[in-house]
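K.L.:
what shape does this take:
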Amino acid sequence: MEALTIYDNEEFLRKKSKLVDFDSDKIEEYINILKNYSFSHPVYAMAAIQLGIDKRIIFIKSTNEKGEINQETEQYVMINPKIISKKGKTEFWEACASGLNNIGLVERPYFLIVEYLNEKAEKQTKSFEGFSATVISHELDHLDGIFHMDRAKEILVIPKSERSEFRKNHSYVIISKDCDFDYPPIKRWENKTRL
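P.N.:
Numbers count the residues shown, from 1 in each chain. The predicted structure follows:
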């Protein structure tokens, strides 16, 4: 299975994902699809919509900014997640399995509190900071049809094979850990070429 891309599937990927219904949705199947894709591809996390599942589910793989899996931290499945609180400001050159070779400099909150349901439909409220908050914010945007290119202050076209080298000189930056955070208005990305 490959991720849907903005070139071939923009209309679907721009949809606002539907809430999961624990009584009627194939939740275990959806989660297995997300996990299988995430562990067989070099991604930090994945939103269900990117794999053709129009549901509010994300899987966080617990990697660092270099993409290395952290065996000591928990992997997260978040169902029907929503941000309760955010603060601070960071910058990172984000990329995306669905965004082709477009890499964008995006500001995200440093700290998040997220409310979501786990696989057993139990309500969870957890806080995340630093790079984890960036990854989760990126995936939550996918559930609302928003791409990192829509939020980017600058966009470059860099093939996947060159991203790790680029990021050696353009790493994750913490601007503030506790300032108020609000996203600027979205500037919808409109490039239709296959990059």
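
K.L.:
rest of the way, CA atoms for contacts and neighbours
P.N.:
Fine.

K.L.:
which residue sits farthest out from the middle of this structure?
P.N.:
The C-alpha centroid of the chain is most remote from Asp23, which lies 26.3 Å away (C-alpha atoms, centre = their mean).

K.L.:
tell me the secondary structure at that residue.
P.N.:
Put simply, Asp23 is coil when judged by DSSP: H, G, I helix; E, B strand; the rest coil.

K.L.:
pull up the pairing partners for the biggest strand by length in the chain, direction included.
P.N.:
In the chain, with assignment by DSSP state E, the single longest strand is strand 76-94. Note on strand 76-94: by DSSP bridges, its sheet partners are strand 57-60 (antiparallel), strand 102-108 (antiparallel), strand 111-117 (antiparallel), strand 173-180 (antiparallel).

K.L.:
show me the contact partners of the longest one.
P.N.:
Defining contact as C-alpha atoms under 8 Å, 6 or more residues apart in numbering, one finds that strand 173-180 is touched by 86-92, 110-111, 130.

K.L.:
which of those residues lies closest to Ser164?
P.N.:
Of all the contacts of strand 173-180, Ser164 sits closest to Phe92, with 12.7 Å by C-alpha to C-alpha.

K.L.:
how about the secondary structure of the residue most central in space within the chain?
P.N.:
By C-alpha atoms, centre = their mean, the mean C-alpha position of the chain lies nearest to Glu139, the distance being 2.3 Å. Following three-state DSSP, we place Glu139 in the helix state.
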